Structure formats: C-alpha cells, structure tokens
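Participant: With the input below, show me the fold.
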Amino acid sequence: MRHFRHSSNPGADRRFIDAIESGLRAKGAVVTRLSTADLSNFPPSSSPPWDVIINASRNRTILQLLDAWQALGTVIINSPQSVARALNRPALFATLATHDLRSPSTGWSYTAARPETDRWITKPAWSSACTARVSVASDWCVVQERIAGGRESKIYAIREKPLVPPDACYSKAELDQIEYVVSTCHSATGLAYFGIDIMWHADEPWIIDVNDMPSYRLVPDAAQEIITDILAIR
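Facilitator: Next up, the predicted model:
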C-alpha cells in the first residue's frame with residue numbers, strides 16, 4: 001500500500017500525523033508525505049503512484065487535483081467533495097436542521113461589514129476550498145450567533161464511529177445523541193475523519209462546527225483507530 005499525506009491543515013497535529021505514519025510503516029505500508037510544491041510533478045490526467053491519499057488540505061488547487069485523481073480511481077480521505085461540504089457551514093447547518101439537529105444562526109458576511117461582537121462570532125470562510133458562493137477567503141467570513149450558557153464538548157469521529165475523549169462524562173442519553181450527531185454529520189458531508197464542536201443547551205446538542213481532519217488530541221488511541229481504518233480499505 002502507498003499512502004500520501006498533505007499536512008497543510010493547521011488542525012492536523014504533526015505528532016499525530018507522525019504516529020499514523022509510523023504505525024502504517026510498521027504494518028508494511030509505504031508512506032510518502034508531500035507538500036504543495038511536490039504535487040506540481042504529478043499531472044491530474046494520470047493516476048498517482050499511491051493507493052490511498054490522506055488529505056489534510058483546504059487549498060483549492062490541491063483539492064481540484066485530488067478530485068481528478070479520485071475520478072481515476074484513487075481513494076481520497078477526506079474527499080474534496082466532503083471537505084467542501086464541511087467548509088460551507090451555512091449550507092451544512094441547513095442540511096443538519098432537516099435531521100432535527102440544531103445549530104446557531106450561521107451565514108456569510110463581508111469581513112469589513114461584520115466585526116465580531118458580543119452576539120456574533122466570526123470565523124474564516126476557507127472559501128478557497130471551492131465554495132462557489134465565495135471567491136476570496138480574505139474578504140469573506142462566516143458569522144455565527146453566540147449561544148449563552150451551555151456546556152461545550154468536542155467529539156471526534158472515524159466515519160460513523162464516535163471517538164469520545166476518555167475523561168469526558170456523558171449520560172447514556174447523551175451518548176445516544178452523540179452517535180446520532182456523528183452518523184448524521186458523516187452522511188451530510190461524506191467526511192471519513194472529522195471533529196464536531198458541540199454546545200449542550202437544555203440537554204440538547206447544538207452543532208457549533210464540523211472540522212475536517214482535526215488533531216484528535218483528546219483521544220489517545222485515535223492514531224491506531226485511523227491506522228486500522230486505512231489498512232482495511234485495501
């Protein structure tokens with residue numbers, strides 16, 4: 001098996017990536033880590049020399065290249081389409097609402113026109129990841145209404161499997177809700193490896209954010225879980 005990783009996403013912790021690469025090599029996999037510059041040597045019209053590509057990039061050019069390789073049969077995790085769905089937060093939250101998952105009011109705004117206030121949080125648009133609605137990331141942002149009170153928590157996932165931090169305390173009802181949240185977010189985005197920021201408000205999980213390729217820093221066994229998932233692909 002050959003495996004490619006592009007580590008341009010700041011959420012992807014280097015130690016975590018190193019642990020995955022070491023684990024794959026221990027299982028006999030050939031692992032290559034490439035930068036954006038390295039990819040210029042590989043044309044989109046030809047299949048790359050790797051069976052599986054683990055993508056941690058939000059760069060439009062890289063995602064377009066990976067999209068072309070995916071069409072040629074290369075397995076891409078996370079796929080360019082899933083990354084774009086996750087980064088278009090207003091559309092994603094609208095989809096989640098159809099599955100009875102609540103989120104704060106979220107939308108696009110021109111950065112200069114909407115500074116952060118006590119009521120609103122501003123977040124990078126990451127529009128270079130191919131959201132058609134926005135063309136220049138530095139000029140736009142996502143604005144989200146703050147939720148007063150509540151309890152924050154972070155959940156990680158591999159496909160439909162929740163990875164709950166071992167020191168987190170949840171009731172059985174909350175764990176059932178977490179399973180539903182993970183399954184629904186996976187179906188709505190197509191992300192294989194992702195994190196979810198939740199605010200528990202009146203015993204109900206509100207979805208604050210869905211992050212592609214997070215650090216998994218709160219789950220010690222996450223690297224091994226991902227290694228097992230990758231090796232099961234082929």
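
Participant: Do a quick rundown of the strands in this structure.
Facilitator: Secondary structure of the chain (DSSP state E): strands at 2-6, 30-33, 52-55, 75-77, 106-110, 120-124, 140-145, 151-158, 161-163, 193-201, 204-212.

Participant: To S171, which of these lies closest?
Facilitator: strand 193-201 (10.4 Å; Cβ to Cβ). For the C-beta atoms, the positions are set from N, CA and C on the backbone; glycine is no exception.

Participant: The closest one pairs with which strands?
Facilitator: Sheet pairing of strand 193-201 (DSSP bridges) gives strand 151-158 (antiparallel), strand 204-212 (antiparallel).

Participant: and that strand, average pLDDT?
Facilitator: The pLDDT scores in strand 193-201 average 95.

Participant: Could you check the biggest helix by length in the chain and say which residues are buried?
Facilitator: Assignment by DSSP state H gives helix 172-189 as the longest helix of the chain. Buried positions in helix 172-189, judged by neighbour count with 16 or more other Cβ atoms under 10 Å: 174, 177-179, 181-186, 188-189.

Participant: so what does that helix touch, helix or strand wise?
Facilitator: For helix 172-189, the packing partners by 3 or more Cβ pairs under 8 Å, 6 or more residues apart in numbering; DSSP states H and E come out as helix 80-87, helix 89-97, strand 151-158, strand 161-163, strand 193-201, strand 204-212.

Participant: from the chain's centre, how far out does the first one sit?
Facilitator: In this view, helix 80-87 has its centroid 8 Å away from the chain centroid, taken as Cα atoms, centre = their mean, to the nearest Å.
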